[in-house]
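# here is my input; please provide its structure:
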Amino acid sequence: MSTDVHEPPSEAAEPDEAASEAALAAPEVIASSLGEYLKIWLTRVRNGESGALPVILGLVAIVVYFQVRSSLFLSAGNLVNLIGQAAWIIMLGMAEVFVLLLGEIDLSIGYTSALGATFTCWLLLPPNPAPWPLAVLVGLAVPAVFSGLQGLIVTRLRLPSFVVTLAGQLLALGLLLEVMDTAAPNGGGSIRLYNNVLTDIYSGALTPLAGWIVMVAAVALAGALFLVRDSRRRASNLTAPPLSVTLLKIAGMAVAGVVVVLVGNTDRGVGLTVVRGVPWVVLVVLVVVVAWSFLLGRTRFGRYVYAIGGNAEAARRAGINLSRIRILAFTLAGVTAGIMGIIFTSYLGSISTGVPGGQNVLYAVAAAVIGGTSLFGGRGKMLNAVLGGLIVAVIYNGLELLGLGAAPQYIWTAVVLLAAVTVDTLARRRSTTA
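A predicted model of the protein is given here:
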């Protein structure tokens, strides 16, 4: 029997949104007050559904440790530098989330992102550079097509994604070497980024006033969406948190936004040079996080991804086109990896054949899993990659401040990753038992 069944055209075959959400979400009781909501939340935590709580507590503990060891850790200059280090890890982690939610993996995005960035830099070489939007589109299309083809092979030939994407990693590295040999000036192994707009993604910043305006607008828009969403869910008799909980979430976003803007607007220049403003890369990451979170959380495609990752056979029987969703998920992972490649190039100022693509993809998997995305599929959010990417970046940044080399960085990242996988496995067992 084929495992690839297209959606029936009849309306009855379309899963009802409320039923779909009820099947994918953990059982929940409608709380009428903040105290009742906290009781339900604590019950879920005891049953193994701790969510992002262990990650947040771990991040706080790591930050406190490094601040105690070095007073420079929470300085404005180091925090902005930390943001730059975390941005590309977060972006690559978000790319990996798309396939991990399906119970798959993509080991090639470390090199496909570099391959896409190479084409972008190639098109921008003087004396006749292409328009930078066109160069960016090509840089996104290359890894998107590459990952989409891998998804097609995985789906049609029913091969393990680990093997297919491992072969893809080697192929992408070979293509990178070939393209760089042709594109690099004087046959060198690197291409400089000749475009101020793309260079400013990392080195540029919003003005202090623009930072405040963007922060207020973002919090106001997100808060309005939360309030409207929850009110609609209550009107439809769906589970929704009390109004006090929604207001606390909005207040938390506002506090986080204020902290980011205050840190960014603090002068971090050296000597007489004044450097202020929130880096543009923060805005880029924020836009991608919001867009992909909406895609996974509020669209049919997102519901199907979670359904397939939770139980592929049940999803097939419900009429979901497994092949289409898997190929699209791999393609979106490639697009996100392409964005990471441009950010990484802006961070370095160039792209070369020495890019550690194999190491970068391991950071991506670590960021997604440490943040809370399950390796078994069906559970995770884009926010998980943000939290996990921050933890990985904090570990590396803090150990560098302490003057420690690469060995402790690898060791402690491995320890945190192993701890995250252990927590995920134990939480699933406890949740099943409960």
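
# thinking residue 87 is in contact with residue 288, fair?
No: the pair residue 87 and residue 288 fails to qualify as a contact (CB atoms under 8 Å) at a distance of 10.1 Å. To be clear about C-beta, it is placed using only N, CA and C from the backbone, and glycine gets the same treatment.

# so which of those two has more stuff around it?
Using other CB atoms under 10 Å as the criterion, residue 87 and residue 288 rank with residue 87 on top: 25 against 20.

# where's the more buried one, which helix or strand?
Element membership for residue 87, per DSSP states H and E: helix 76-100.

# now do residue 191
Per DSSP H and E, residue 191 falls inside strand 190-192.

# what's that strand packed up against?
The elements that strand 190-192 packs onto, with contact taken as 3 or more CB pairs under 8 Å, 6 or more residues apart in numbering; DSSP states H and E, are helix 109-123, helix 161-183, strand 350-352.

# out of these, deepest packed?
helix 109-123 (a mean of 29; mean count of other CB atoms under 10 Å).

# against which helices or strands is that helix packed?
Secondary elements touching helix 109-123 (3+ CB pairs under 8 Å, 6+ apart): helix 76-100, helix 132-157, helix 161-183, strand 190-192, helix 322-348, strand 350-352, helix 357-371.

# could you report the pLDDT at the one residue sitting closest to the centre of the chain?
Closest residue to the average C-alpha location of the chain: residue 94 at 2.3 Å, with CA atoms, centre = their mean. Per-residue confidence (pLDDT) for residue 94: 95.

# can you pull the contacts of the spatially most distant residue from the centre of the chain?
Ranked by distance from the centre of the chain (CA atoms, centre = their mean), the top residue is residue 272, with 37.1 Å. Going by CB atoms under 8 Å, 6 or more residues apart in numbering, residue 272 touches no other residue.

# tell me the secondary structure of it, please.
Secondary structure of residue 272, reduced to three states by DSSP: H, G, I helix; E, B strand; the rest coil: coil.

# try residue 104
Per three-state DSSP, the local secondary structure of residue 104 is coil.

# give me the number of residues near it?
Residue 104: 25 surrounding residues under other CB under 10 Å.

# then residue 63?
17.

# with adjacent residues omitted, what lies nearest to it?
residue 394 (6.3 Å; CB to CB, 6 or more residues apart in numbering).

# show me the contacts for the one you found.
59, 62-63, 66, 82, 86.

# just give me how far the helix or strand just after the strand holding residue 191 sits from the chain centre.
Using DSSP H and E, the helix or strand that follows strand 190-192 in sequence is helix 196-203. Mean C-alpha position of helix 196-203 versus that of the full chain (CA atoms, centre = their mean, to the nearest Å) differs by 21 Å.

# what pLDDT is listed against residue 345?
94.

# again with residue 190
pLDDT, residue 190: 89.

# so where's this protein shaky on pLDDT?
For the chain, the stretches flagged by pLDDT under 70 are 1-32, 45-51, 187, 423-434.

# quickly list the domain ranges of it.
49-201+299-433, 205-278 (automatic domain parsing).

# hey, which of those is tucked in deepest?
Highest mean neighbour count among the domains of the chain (mean count of other CB under 10 Å): domain 49-201+299-433, with a mean of 20.

# and the contacts of stretch 152-168?
3-4, 99, 104-108, 112, 146-147, 150, 322-323, 326-327, 330.

# export it as CSV, just CAs?
C-alpha atoms of stretch 152-168 as CSV (Å, rounded to 0.1, in the frame of the first residue of the first chain):
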residue,chain,number,x,y,z
LEU,A,152,12.3,14.4,-2.7
ILE,A,153,14.8,11.5,-2.6
VAL,A,154,14.0,10.8,1.1
THR,A,155,10.3,10.7,0.3
ARG,A,156,10.2,8.9,-3.0
LEU,A,157,12.9,6.4,-2.4
ARG,A,158,12.1,6.0,1.3
LEU,A,159,15.7,6.3,2.3
PRO,A,160,16.9,7.4,5.7
SER,A,161,17.4,11.2,5.8
PHE,A,162,20.6,10.8,7.8
VAL,A,163,22.2,8.9,4.9
VAL,A,164,20.8,11.1,2.2
THR,A,165,21.8,14.4,3.8
LEU,A,166,25.2,13.0,4.8
ALA,A,167,25.8,12.3,1.1
GLY,A,168,24.4,15.8,0.4
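
# chain center to it, what's the gap?
Stretch 152-168 sits 22 Å away from the centroid of its parent chain (CA atoms, centre = their mean).

# tell me how far residue 161 lies from residue 65.
For residue 161, the distance to residue 65 equals 36 Å [CB to CB, to the nearest Å].

# picking that back up, among the domains of the chain, which is nearest residue 39?
Residue 39 lies closest, by CB to CB, to one member of the domains of the chain: domain 205-278, at 12.0 Å.

# start to end distance for the closest one?
With CA to CA, to the nearest Å as the measure, domain 205-278 spans 5 Å from end to end.

# equivalent analysis for stretch 343-361, please.
15 Å.

# OK, contacts around the closest residue to residue 223 other than its chain neighbours?
Leaving out its chain neighbours, the residue that sits closest to residue 223 by CB to CB, 6+ apart is residue 250, at 4.0 Å. Residues counted as contacts of residue 250 (CB under 8 Å, 6+ apart) are 219, 222-223, 226-227.

# can you name the next helix or strand after the helix or strand hosting residue 250?
Taking DSSP H and E as the definition, residue 250 sits inside helix 243-265. The C-terminal neighbour of helix 243-265 among helices and strands, as given by DSSP H and E, is helix 280-298.

# and that next one, which residues are buried?
280-286, 288-289, 292-293, 296 (16 or more other CB atoms under 10 Å).

# now the angle from that helix to helix 196-203?
Helix 280-298 and helix 196-203 are oriented at 90 degrees to each other (axes from the mean of the first three to the mean of the last three CA atoms, to 10 degrees).

# re the thing from before, so for residue 259, which of the helices and strands packed on helix 109-123 sits nearest?
Nearest of the helices and strands packed on helix 109-123 to residue 259, taken as CB to CB: helix 76-100 at 9.5 Å.

# right, I'll call it a day here.
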